[in-house]
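[1] Quick one, fold the following:
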Amino acid sequence: MSTALLTLLLSAFVGVLALLAQVGRKSRGAEVTLIVVLLVVSVLITVIVTLAGLGLVLRTANGGTLGLDRFTVLAAGGALLLVGIAGVCLCVPPLRKVMGWRVGRAFWTDPPTFLALWLIVVVLANNLVSFLLFVQEPDVSGLFPAGRVSPGTVVTGQLPFLAVALLGVGAGASRTLRETVGRLGYAAISLKQLGIVALFVAGALALSVVADGLFASLQPDLYREVGEISDNLFNPRGLSPVSAALFSLLVGLGAGLGEETLFRGAIQPVFGITATSVLFTSMHVQYGPSLLLIYVFLLSVGLGLLRRYVNTTASFLAHAGYNSLGIILTYFFGV
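    Residues are numbered from 1 along each chain as shown. From the prediction side, this is the model:
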């Protein structure tokens, strides 16, 4: 099964869960269905990881090898086991509510919030496993797509973000299109606010030069590996000026729209800037255990402040402008 098809299927599954969560605010049947589905998935994950762990123990006891570093395998298995256990625990408060038992805080039982917490645990664990594989894999380029990203890859990679964000805030279920756009924080911005966005982009690019320099001097080996990955994915080398400009706009607008709509538009108003930035940073596994993760976190905090004090339109334009200008500067100046 291709990665694109798997991504679309997973997105459809999450989208259905998001619709159930929104309908579950008014329908007990939908709420119970959501709880049961997530509880069953959590239990299955726990059982499968436990059985896999026992299988690895028996394999090593009989003289077999694990292939990767033993600590990495155990840590990855532990992360997945934590997903299952945490998933079951997250199901307890809403399950108590539908059964008529006393519940402490309503925050844990609100269906969309409950689903979001469950998904955050899954995403963080998945990113942790990918991070551990990055650390142990001798040839890290094998963990990422070969060659420059294509328009299809950008679309299939960002459409799920948009779909989850829209369905997660109730588009078509509890909100009209206009109400959905407002909930996600999209609105017009003034010329003054556009100037703030431009200053943000300029400051972020300047800070990226500093972060890149520190990364190169303090982690030279990892710097070369990460540089190869970035070159493979985003370097416009070999394109005509027009093609390079279109490529930069595609990457900038695509990533900006998908990520800002989900992280700053849908998630941040519920979980805050810090938690959202941790989740956003964890998505950038391609940087490995590098200093750039600190920079990505700071950049995310800055985008979160734009969302809070201006709107999501501002954070989207800043994100898109930063990505696009970064590619253009690489093309024309090699920076």
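[2] alpha carbons only for contacts and neighbour counts from here, please
    Will do.
[3] excluding its backbone neighbours, what's nearest L249?
    S324 (5.5 Å; C-alpha to C-alpha, 6 or more residues apart in numbering).
[4] Around F332, how many other residues sit close by?
    F332 sits with 12 neighbouring residues when counted by other C-alpha atoms under 10 Å.
[5] Show me where the stretch 51-200 of the chain dips below the pLDDT cut-off.
    Counting by pLDDT under 70, the stretch 51-200 of the chain shows low-confidence ranges at 53, 55-73, 75, 135-147, 151-152.
[6] go again using 80 as the cut-off
    For the stretch 51-200 of the chain, the stretches with pLDDT under 80 are 52-80, 103-106, 126, 128-157.
[7] Just list the residues touching the residue nearest the centre of the chain, thanks.
    Centroid check for the chain by C-alpha atoms, centre = their mean gives M283 as the closest residue, at 4.3 Å. Neighbouring residues of M283 by C-alpha atoms under 8 Å, 6 or more residues apart in numbering: N127.
[8] Which of the three states applies to the nearest residue to L115 once chain neighbours are set aside?
    Excluding the flanking residues, the one nearest L115 by C-alpha to C-alpha, 6+ apart is A21, at 7.0 Å. What DSSP: H, G, I helix; E, B strand; the rest coil gives for A21 is helix.
[9] Could you report the neighbour count for A21?
    Other residues near A21 come to 30 when the count uses other C-alpha under 10 Å.
[10] mind checking how far it is from L34?
    Going from A21 to L34 by C-alpha to C-alpha, to the nearest Å gives 7 Å.
[11] what's the burial count for L292?
    A count of neighbours around L292, defined by other C-alpha under 10 Å, yields 20.
[12] Just after the host helix or strand of A198, pick out the following helix or strand.
    Taking DSSP states H and E as the definition, A198 sits inside helix 191-218. Next helix or strand after helix 191-218 toward the C-terminus (DSSP H and E): helix 220-234.
[13] I would like the residues contacting whichever helix or strand comes after that following helix, please.
    For helix 220-234, the following helix or strand on the C-terminal side (DSSP H and E) is helix 241-259. Residues from elsewhere that reach helix 241-259, judged by C-alpha under 8 Å, 6+ apart: 151, 154-155, 158-162, 236, 316-317, 319-325, 327-328, 331.
[14] just stretch 312-323 next, same as before
    184-189, 193-194, 197-198, 200-201, 204-205, 248-249, 251-257, 260-261, 264-265, 303-304, 306-307.
[15] who does the longest helix along the chain touch, helix- and strand-wise?
    Assignment by DSSP state H gives helix 28-61 as the longest helix of the chain. Packing partners of helix 28-61 (3 or more C-alpha pairs under 8 Å, 6 or more residues apart in numbering; DSSP states H and E): helix 3-23, helix 70-98.
[16] So for V122, which of those helices sits nearest?
    Nearest to V122 among those is helix 70-98; the distance by C-alpha to C-alpha comes to 5.9 Å.
[17] angle of the closest one against helix 28-61?
    Interaxial angle, helix 70-98 versus helix 28-61 (axes from the mean of the first three to the mean of the last three C-alpha atoms, to 10 degrees): 160 degrees.
[18] ok, and for the helix or strand following helix 70-98, which residues are buried?
    Sequence-wise, the next helix or strand beyond helix 70-98 is helix 111-136, with elements assigned using DSSP H and E. Buried residues in helix 111-136, counted by 16 or more other C-alpha atoms under 10 Å: 111-135.
[19] How far off centre is helix 111-136?
    Relative to its parent chain, helix 111-136 has a centroid offset of 9 Å by C-alpha atoms, centre = their mean, to the nearest Å.
[20] how near is L305 to V14?
    When L305 is compared with V14 (using C-alpha to C-alpha), they lie 28 Å apart.
[21] Give me the pLDDT for L305.
    pLDDT recorded at L305 is 98.
[22] how much space between it and F200?
    Distance from L305 to F200, by C-alpha to C-alpha: 11 Å.
[23] Compare the two (neighbour count), which wins?
    The neighbour comparison of L305 against F200 (other C-alpha under 10 Å) goes to F200, with 22 against 17.
[24] just checking, N235 touches Y331?
    Yes - between N235 and Y331 there is a contact at 7.5 Å, judged by C-alpha atoms under 8 Å.
[25] So for the two, which residue has more residues nearby?
    Applying other C-alpha under 10 Å to N235 and Y331 shows that N235 carries more neighbours, namely 23 against 20.
[26] just the buried members of the contacts of stretch 312-323?
    Neighbour counting by 16+ other C-alpha under 10 Å classes 184-186, 193-194, 197-198, 200-201, 204-205, 248-249, 251-257, 260-261, 264-265, 303-304, 306-307 among the contacts of stretch 312-323 as buried.
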